[in-house]
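**Q** Output the structure for:
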Amino acid sequence: MFRRKSLFTVLLALIVSLSILPIFKLDTHAATVNASTLAELQQAINDAPPATEIVLTADIPLTATVTVPSGKDITLSGGFTLTRTNSAIAFDIKEGASLTWQDIILDGNAQDTNYKSAVINNQGKLTINGGEIKNVRSNSPMVGIVTAKGPNAVLTMNGGSIHDNYMSNQFTNVVKITEGASFFMNGGDISNNTLDYSGSNGLNSAVGVEGIKGTSTMEMIGGTITGNTGEYGGILVGTYSTNYTMQNNFSNPAHYYSKGILNLKGGTISNNTAAVLGGGIAVNGTGILTMDGGTISGNKAPFGGGIGVVDYLTSADGKRFGEARWRGFFPAAVTINDGLITGNEATMTAVTSQITDPNAENGVGGGLYVASKEVYVNGGQFTNNTAGKQGGGIYVASVPYVLKMGKTLVTENTATKIGGGMWLCPTGSATTAVTNGASFFDNKAGNGAENNDTGSAGDDVASINKQDPATQTLILSNNGLDNWLVHWYEDGKIDEAYLGNSDGSPRYPNTVNPVVERGTLDGITDKIALKAIVSDEGKAAARNVAKVIVTGNTAPRGGGIGSNGAVVFGRDPVNYDKVDLTVSKKWENSNTNHVTSVTVGLFRITKADFDAVTLTNTDGSMLDTTGMSESEIFQAKVDKLMTSGAATYAQIDQVVLNEANDWKFMFVDLIKYDMVNDAQDTTNPNIYFAREMDTDGNWVANDSKAKFGTQKIKASYKVTKNSSGAYDQVITNEEVKFREIEITKKWVGGSANQVEVQLYKDGVVEGTPVTLNAANNWTTTFTNLPVRDAGRTVDNLYEVREVGETGNIITIDGAKYQVTYGLIDANGKMEITNKKEPEPTPSVETGDSSNLPLFGTILMMSLLVTACVAKKRASILG
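**A** Numbers count the residues shown, from 1 in each chain. Purely as a prediction, here's the structure:
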């Protein structure tokens with residue numbers, strides 16, 4: 001019995017122990033092994049269970065390759081240094097194997113590498129969390145110091161540093177991602193590596209994401225790639241050359257369309273230098289870049305200091321294959337949605353045979369260089385980049401290349417010669433669409449139009465005579481971002497030089513006399529220099545909605561953007577029906593002390609929305625508009641719109657009227673019809689209306705009084721439909737003079753407790769009655785009474801009458817008063833006198849004949865009584 005109980009107890013304990021094991025998770029790296037020699041390290045790897053941490057306990061010379069076989073999951077730590085002693089591969093991570101690099105230092109010891117080899121060759125999974133990889137000196141071609149190769153190869157960098165390595169020869173990278181491998185960079189740095197591009201060297205970069213024998217990808221979320229030098233800069237995405245690509249890919253149909261893909265979401269690519277293309281990133285041939293974040297700063301290259309993009313479509317091979325087929329192989333596609341491209345420089349970092357563009361001898365495209373038809377800039381900032389030749393912020397290389405940009409603000413860029421905001425060469429084109437287009441303002445050519453710098457021209461845009469006017473044009477909409485108007489004016493003139501210089505003409509506003517607004521420039525093929533004038537409110541609106549910011553960039557031509565190809569801002573349509581209208585201001589002739597300028601806003605609403613505005617009386621009933629003019633109805637609807645909080649209308653411009661512009665402004669090339677899905681709705685025209693702003697910054701309603709300087713003035717608006725179908729608008733202002741009337745109540749023969757008086761204007765009640773009594777000393781003053789209403793030729797007639805008075809008699813508490821109204825004197829004072837009537841006396845007054853009938857009746861009755869008494873006495877006596 002005892003043995004049975006003991007056995008039962010043991011089994012129960014075993015069951016309980018097994019049942020609670022899942023509660024305590026086993027550490028997947030529970031196995032830990034120390035190693036102090038190369039042999040111990042390799043043996044520990046060979047003998048390791050699937051997940052093992054190997055801790056180095058000493059520095060180790062690497063006299064042979066360390067191999068991580070398939071199925072092994074090794075973490076290497078300890079903080080010691082592994083030093084290469086020969087050109088062999090240091091670590092070979094087989095497919096299906098995993099190595100996590102914690103804090104180990106791999107010192108290349110200036111040792112060379114073998115042909116098509118690596119220092120760390122990864123076909124499995126390599127994760128770098130810390131440590132260093134440095135001091136490799138490779139002179140062999142097709143080498144990657146850290147290589148991820150094959151469709152199952154993954155490199156993840158969370159920390160650590162790969163730095164101060166040297167490589168010469170061709171097709172080399174410090175980090176090479178190839179044949180379908182993947183690289184995830186979350187942290188750490190790849191820095192200060194030198195890739196020699198002299199002589200027969202070149203075709204190299206710090207990081208290479210190759211579209212060779214499979215599509216390779218890199219995702220960068222964090223970390224830094226900085227201070228590296230190569231023929232291409234920080235990262236090469238795609239391929240080194242078309243010949244190299246075709247040799248590797250075209251022998252296998254499965255590899256025809258191999259791509260190199262970079263998804264840039266964060267991190268920093270800075271201070272790298274390229275001898276040819278893309279100081280920060282080169283998107284070459286088979287490359288595809290999507291930029292959703294991150295910073296590209298301080299990089300240098302002749303073509304694209306920040307980013308350089310080339311598809312080789314114009315090469316002999318590109319022409320031989322044909323555009324559609326070639327672009328399938330070599331798209332060189334870039335989509336920028338966000339991120340910062342700043343402080344990069346397009347400059348001649350090297351003199352190589354690969355730089356053949358005669359227009360780029362000093363560098364083009366400080367922030368971005370485009371030689372592709374697949375570049376889309378939807379967002380992001382291009383700031384403070386420079387170019388030695390053209391396109392400080394962005395440059396498009398040539399025909400047939402096209403850069404597509406959305407909601408772009410080009411502002412505060414500088415060109416030392418022409419085209420502060422944008423410059424177009426003889427083959428360059430630009431189009432700004434009506435919707436989601438662009439706004440240009442506050443750019444500068446030379447010292448600017450404001451300083452009449454005749455040595456330069458075109459603060460905002462400069463365009464040269466076109467080689468092919470049929471296909472190369474300048475189209476600039478005057479409908480800027482958020483639908484605020486841009487007013488285009490000529491700003492200096494351009495000479496006959498191929499790239500263009502100022503011809504010494506005066507700058508805006510003296511280029512053309514009188515000044516003429518160009519409106520929308522549609523299909524300009526002749527040379528022209530332009531200044532954009534935008535209201536402060538329009539500038540603020542543009543800054544608020546812009547997705548792409550191009551600002552602070554500099555170049556001799558095209559401080560912000562330069563183009564030998566085409567730049568397209570926004571979406572269609574470019575062409576649209578237009579209307580013009582004039583807003584004018586008229587002052588009362590006698591008013592010689594009015595303000596010297598007024599601000600006028602222009603607003604837009606569709607006819608459908610305008611027609612939907614209903615006019616009502618104060619009680620909510622429909623207003624009878626019979627007898628009202630079209631202008632009166634128009635203004636009544638505008639006033640209701642602007643006080644209703646409706647969102648159906650929007651301000652699109654704000655201008656100043658003054659004596660210099662004869663108190664009028666003509667708005668030209670306004671959009672005639674509503675735009676729906678980027679197309680005109682010809683059934684729904686736009687309605688434009690104006691309002692002026694008072695001194696306090698308020699929009700003044702029709703027939704309303706407002707303050708203008710020291711005067712209080714009434715504003716009236718009148719519209720007249722013009723030949724284009726829009727309404728010209730006239731604003732009339734008359735100074736409203738005011739007066740006061742002081743009323744004093746006088747009493748004669750007695751007084752009441754209080755009376756009420758009522759003000760009348762032209763016989764019509766004005767305001768409510770006012771009570772006079774002893775508390776206010778029987779006095780009141782009516783103030784702010786307009787002497788004359790707007791539009792009238794005679795003064796208003798004011799009267800004050802006592803409430804309840806009829807025929808100058810009023811009864812108060814049973815007493816009658818004679819009411820006498822005095823005249824309103826020159827000081828606006830008036831007296832109203834109430835004289836009380838005497839009450840009647842009940843006694844009969846002598847000589848009053850009104851009681852004769854009564855007295856006669858009494859006398860007759862007395863005589864009859866006397867006769868009766870006498871007769872009765874006689875009867876008794878007789």
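
**Q** in the sheet, who's paired with the nearest residue to residue 235 once chain neighbours are set aside?
**A** Nearest in space to residue 235, with sequence neighbours left out and distances taken as C-beta to C-beta, 6 or more residues apart in numbering, is residue 207 at 4.4 Å. In short, each C-beta sits where N, CA and C put it, glycine included. Taking DSSP bridges, one obtains residue 175, residue 235 as the residues bridged to residue 207.

**Q** For residue 207, give its distance to residue 237.
**A** Separation of residue 207 from residue 237 (C-beta to C-beta, to the nearest Å) stands at 9 Å.

**Q** what's the answer for residue 257, then?
**A** Residue 257 sits 15 Å away from residue 237, taking C-beta to C-beta as the criterion.

**Q** what's the answer for residue 456, then?
**A** 37 Å.

**Q** who's more crowded, those two?
**A** In this view residue 456 and residue 237 are compared by other C-beta atoms under 10 Å, and residue 237 has more residues nearby, 35 against 28.

**Q** In this model residue 269 seems to touch the more buried one, though I could be wrong.
**A** No. With contact defined as C-beta atoms under 8 Å, residue 237 does not reach residue 269; the gap is 11.6 Å.

**Q** so what's in contact with those two at the same time?
**A** Taking C-beta atoms under 8 Å, 6 or more residues apart in numbering as the contact rule, residue 237 and residue 269 both touch residue 281.

**Q** how many other residues sit next to the residue nearest to residue 235?
**A** Around residue 207 there are 31 other residues, counting by other C-beta under 10 Å.

**Q** Now do the contacts for residue 552.
**A** By C-beta under 8 Å, 6+ apart, the contact set of residue 552 is 383-384, 412-413.

**Q** And for residue 551?
**A** So residue 551 contacts 381-383, 409-413, 560 (C-beta under 8 Å, 6+ apart).

**Q** what does residue 757 give?
**A** Listed by C-beta under 8 Å, 6+ apart, the contact partners of residue 757 are 743, 745, 769-770, 772, 780, 800-803, 832.

**Q** now it: how far from residue 767?
**A** 11 Å.

**Q** those strands in the stretch 501-650 of the chain, which residues are they?
**A** 521-524, 528-533, 548-551, 554-557, 561-563, 566-569, 578-587, 597-606, 650-658 (DSSP state E, counting those that start in this stretch).

**Q** And the contacts of the fourth one?
**A** In this structure, residues lying in contact with strand 554-557 by C-beta under 8 Å, 6+ apart are 366, 385-392, 413-419, 423, 462, 499-500, 562.

**Q** Go again with 7 Å.
**A** Residues outside strand 554-557 that contact it (C-beta atoms under 7 Å, 6 or more residues apart in numbering) are 366, 386-387, 389-392, 413-419, 423, 499, 562.

**Q** for the shortest one, same thing?
**A** Outside strand 561-563, the residues within contact range by C-beta under 7 Å, 6+ apart are 364, 390-391, 393-396, 410, 422-425, 428, 430, 550, 555, 567.

**Q** Looking at the strands of the stretch 501-650 of the chain, which is nearest to residue 308?
**A** Of all the strands of the stretch 501-650 of the chain, it is strand 561-563 that lies closest to residue 308, at 14.4 Å by C-beta to C-beta.
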